[in-house]
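Q: how would this look folded up:
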Amino acid sequence: MNLEVFLRFSRQAFSSWLCVCLLAVVVRAEPGLHFEPLYGPLSQRFAIPSQTAFEAGQPLLPAPDRAPISYQAAVDSLGMAHYGRRVSGFTEGPTVAVALDHYLRMEYQARHRQLWHQQIRRDFRSTASEQRQRRGSRFEWTVPFSAPKPLRRFIGDEGPSLALNGSRTIIVSGKSEWTDGEVQTSFGRSSKFPSLGIEQESDFTVEGKVGELINIRIDQDTQNFGSAIGSGLGDQLSNQIKLDYEGEEDSIFQEVQAGNTTLELPNTRFVGFRQKNKGLFGIRAKGHVGPLAFTTVASHEKSKSNRQTFKGGAAIDTLQLRDYQYIRNTYFFLHEFYRAHLADFRSLLAGVQFGPENFVDISRLEVYINDFNTRNDAELFAKPGVAWVDPSDSLSTIECFDAVGNRLRNSGCFEEGTWHRLDPDDDYSVVAEAGYIILNRPVSNPYAMAVHFKTNAPDFDGTLQQETARLKAGAESDSLYLKLIKARNPRPGFPTWNLEWKNVYRIASGFSTGRRFDPRTLQVDIAKEVPGQEDQLSQQGRSYLQILGLDERGKDPGSAPDRVIDADYIA
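A: Numbering: from 1, shown residues only. Predicted coordinates for the structure are as follows:
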């Protein structure tokens with residue numbers, strides 16, 4: 001579970017910090033009548049019984065979503081499903097009541113279409129991955145002689161082969177520092193010769209086959225070593241070596257794995273729950289002898305004993321955040337039009353400030369990344385193109401040209417190069433009604449990001465439709481012409497600077513089912529640091545929560561501010 005706080009856009013320039021007190025219930029139980037599992041496209045939505053129950057007023061299909069705009073259905077005691085829209089956890093607009101069977105039938109059809117689209121994209125990714133593997137191999141070698149006949153009974157008729165694919169990058173950089181006019185002495189003598197630094201990155205994959213049934217894979221990626229600090233260097237090394245054996249249909253041993261293995265116990269009459277253990281470094285074998293199926297594991301597991309006692313109650317966590325510690329390179333508006341109509345997150349509660357003809361058509365949204373690395377273009381199916389901050393060239397206030405009309409380099413107005421498309425299932429989510437996207441992984445600062453999209457009514461004669469009509473992308477286009485929403489190495493003077501959200505802070509994450517976070521217990525204070533004095537929580541009798549617009553009412557609409565952050569800004 002991720003808890004994120006949305007703060008309004010403000011140009012107040014002072015150093016501040018957030019003091020957040022989190023109260024999380026340690027022991028929590030949810031009584032209720034749980035139903036039998038359903039089969040079909042809705043089965044995943046009902047998979048976790050602790051989240052759904054047929055009780056009056058309880059959510060029927062709670063779909064956890066990072067977006068503040070969501071749709072929720074609940075069933076009442078009469079068996080009617082009430083379907084409505086929620087913004088930041090609050091009901092917005094009227095709800096629609098339909099019969100439960102009718103709602104489930106419509107939801108089933110919608111889920112069926114969604115899964116169909118996901119399967120099509122999954123098949124495309126699988127085919128593209130196979131093509132990249134076949135085309136990306138730098139070196140392949142097959143042993144010219146066959147294995148002895150007794151050995152071929154176990155490994156198959158194919159001969160051993162080896163495939164090597166990878167790259168090595170060496171970056172040499174230098175920096176020179178000196179002070180102009182500084183007096184040189186025997187004790188302090190600065191040199192203008194730059195201090196050199198060398199960075200090396202390796203990414204190699206060695207794949208070997210011993211016949212048809214045995215596969216060996218060895219990976220070396222220095223970037224993964226960099227992440228070994230959090231997960232342990234030993235885990236990173238053990239994950240690099242994989243050996244698999246897949247037996248034939250009538251073989252006793254169906255599967256043998258060596259390396260980091262897992263042991264999964266099914267739900268049987270002897271084990272009342274499904275259990276899966278990871279991090280077992282050793283050998284696992286699966287097979288069958290007649291009607292008897294077996295799984296054996298020989299492994300070495302690193303562990304330590306620990307004992308902890310929990311009592312019913314609450315735990316309090318305190319966290320301090322600086323104002324610049326927001327979630328970077330994750331939330332982006334698709335166009336200045338949406339940024340201008342969402343100056344404050346609270347305005348969503350009053351409904352969107354534009355008509356549905358300006359809603360983003362999700363099926364026609366494409367997000368592209370330019371990593372300025374041409375070596376991986378073939379693997380990522382990148383296409384050449386240009387991304388312009390203003391496709392209609394109508395923003396005369398942006399200084400993108402010089403006096404003679406030439407484009408200014410490093411102005412943040414346009415980016416050229418090769419662009420690869422992000423996967424809408426795995427890489428981002430979109431809030432169509434408000435015109436912004438949420439990336440599942442932050443985009444790197446040296447990368448550029450651009451989009452191609454259409455609205456629900458592309459024939460509507462509006463500013464947004466006129467500008468996006470000039471965008472072009474797709475298989476039929478030789479080159480891309482995109483809308484730039486993030487320039488590489490962005491700076492405050494860039495025209496795309498305000499398209500990134502800089503007011504979302506993550507203050508809690510990783511809460512498990514047994515330790516849930518209760519947003520109602522959240523306490524937020526904003527303080528201004530004053531050198532030589534205590535931190536100030538207010539100015540001229542008004543708290544900084546009120547000054548920044550985060551505390552405009554009490555618990556009820558229209559009530560006086562209560563020095564508590566309004567629930568509108570918590571998701």
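Q: What is whichever strand or helix holds residue 170 packed up against?
A: Residue 170 belongs to strand 161-175 when assigned by DSSP states H and E. With contacts defined as 3 or more C-beta pairs under 8 Å, 6 or more residues apart in numbering; DSSP states H and E, strand 161-175 has these neighbours: strand 139-142, strand 195-210. Bear in mind the C-beta positions are built from the backbone N, C-alpha and C, glycine included.
Q: Need those strands in a markdown table (columns: mean neighbour count).
A: Formatted as a markdown table, those follow (neighbours: other C-beta atoms under 10 Å):
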| stretch | mean neighbour count |
| --- | --- |
| strand 139-142 | 11 |
| strand 195-210 | 14 |
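Q: Residue 171 is nearest to which of the ones you listed?
A: Closest approach to residue 171 among these is made by strand 195-210 (4.4 Å; C-beta to C-beta).
Q: pLDDT averaged over the closest one, what's the number?
A: For strand 195-210, mean pLDDT is 75.
Q: From residue 287, how far out is residue 245?
A: 11 Å (C-beta to C-beta, to the nearest Å).
Q: typed the wrong thing, it's residue 326
A: Relative to residue 287, residue 326 is positioned 53 Å away (C-beta to C-beta).
Q: Just want to know which of those two has more residues nearby.
A: Set residue 326 next to residue 287 and count neighbours by other C-beta atoms under 10 Å: residue 326 wins out with 19 against 16.
Q: Show me how the chain divides into domains.
A: Domain segmentation of the chain under automatic domain parsing yields 1-23+316-326+506-571, 37-136, 138-174+195-300, 329-502.
Q: Identify each buried residue in stretch 427-442, please.
A: Buried residues in stretch 427-442, counted by 16 or more other C-beta atoms under 10 Å: 428, 430-439.
Q: on that earlier part again, if I look at residue 245 and residue 287, which residues touch both of them?
A: 253, 255 (C-beta atoms under 8 Å, 6 or more residues apart in numbering).
Q: Could you list the low-pLDDT ranges of the stretch 251-400 of the chain?
A: 260-281, 299-317, 343-353, 391-400 (pLDDT under 70).
Q: Kindly reformat the helices and strands packed on strand 161-175 as a markdown table and extend each row with distance to residue 531.
A: Converted to a markdown table, the helices and strands packed on strand 161-175 look like this (distance: least, C-beta to C-beta, whole Å):
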| stretch | distance to residue 531 |
| --- | --- |
| strand 139-142 | 62 |
| strand 195-210 | 34 |
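Q: Residue 541 is nearest to which of those?
A: With distances scored as C-beta to C-beta, the stretch of those nearest to residue 541 is strand 195-210 (52.8 Å).
Q: which outside residues touch the closest one?
A: Strand 195-210 is touched from outside by 155, 158, 160-176, 215-223, with contacts defined as C-beta under 8 Å, 6+ apart.
Q: Can you name the element that comes right after that strand?
A: strand 214-221.
Q: could you say what helices and strands that following strand packs with?
A: Applying 3+ C-beta pairs under 8 Å, 6+ apart, one finds that strand 214-221 makes contact with strand 195-210, strand 241-246.
Q: circling back to that earlier point, and the domains of the chain, which one's lowest on average pLDDT?
A: Note on the domains of the chain: lowest mean pLDDT is at domain 37-136, with a mean of 64.
Q: one step back: for the helices and strands packed on strand 214-221, give me TSV that also has distance to residue 449.
A: Formatted as TSV, the helices and strands packed on strand 214-221 follow (distance: least, C-beta to C-beta, whole Å):
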stretch	distance to residue 449
strand 195-210	22
strand 241-246	34
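Q: Among the buried residues of stretch 427-442, name the ones in strands.
A: Under the assignment DSSP state E, these contribute 428, 430-431, 436-439 to strands.
Q: Extract the CA atoms of stretch 495-511 and return them as CSV.
A: In CSV, the C-alpha atoms belonging to stretch 495-511 read as follows (Å, rounded to 0.1, in the frame of the first residue of the first chain):
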residue,chain,number,x,y,z
PRO,A,495,8.5,25.3,-21.1
THR,A,496,7.8,21.7,-19.9
TRP,A,497,8.9,22.4,-16.4
ASN,A,498,5.4,22.9,-15.0
LEU,A,499,4.0,19.7,-16.7
GLU,A,500,5.7,17.6,-14.0
TRP,A,501,3.8,17.4,-10.7
LYS,A,502,6.0,18.7,-7.9
ASN,A,503,3.5,18.4,-5.1
VAL,A,504,3.1,14.7,-4.4
TYR,A,505,4.9,13.2,-1.4
ARG,A,506,5.1,9.6,-0.4
ILE,A,507,4.9,9.3,3.4
ALA,A,508,4.0,5.6,3.9
SER,A,509,4.6,2.5,2.0
GLY,A,510,4.9,-1.3,2.5
PHE,A,511,2.0,-1.7,5.0
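Q: Chain neighbours aside, what residue packs nearest to residue 440?
A: Once flanking residues are discounted, residue 440 sits nearest to residue 427: 5.7 Å by C-beta to C-beta, 6 or more residues apart in numbering.
Q: if I pick that neighbour, what's in contact with it?
A: Here residue 427 is in contact with 367, 439-441 (C-beta under 8 Å, 6+ apart).
Q: what's the distance between the residue lying closest to residue 388 once chain neighbours are set aside and residue 482?
A: Closest residue to residue 388 apart from its sequence neighbours, by C-beta to C-beta, 6+ apart: residue 414 at 4.8 Å. Residue 414 sits 10 Å away from residue 482, going by C-beta to C-beta.
Q: Check residue 320 too.
A: 40 Å.
Q: quick one, longest helix in the chain?
A: helix 100-136 (DSSP state H).
Q: Look at residue 320 and residue 482 and report which has more neighbours.
A: Comparing residue 320 with residue 482 by neighbour count (other C-beta under 10 Å), the higher total belongs to residue 482, at 26 against 11.
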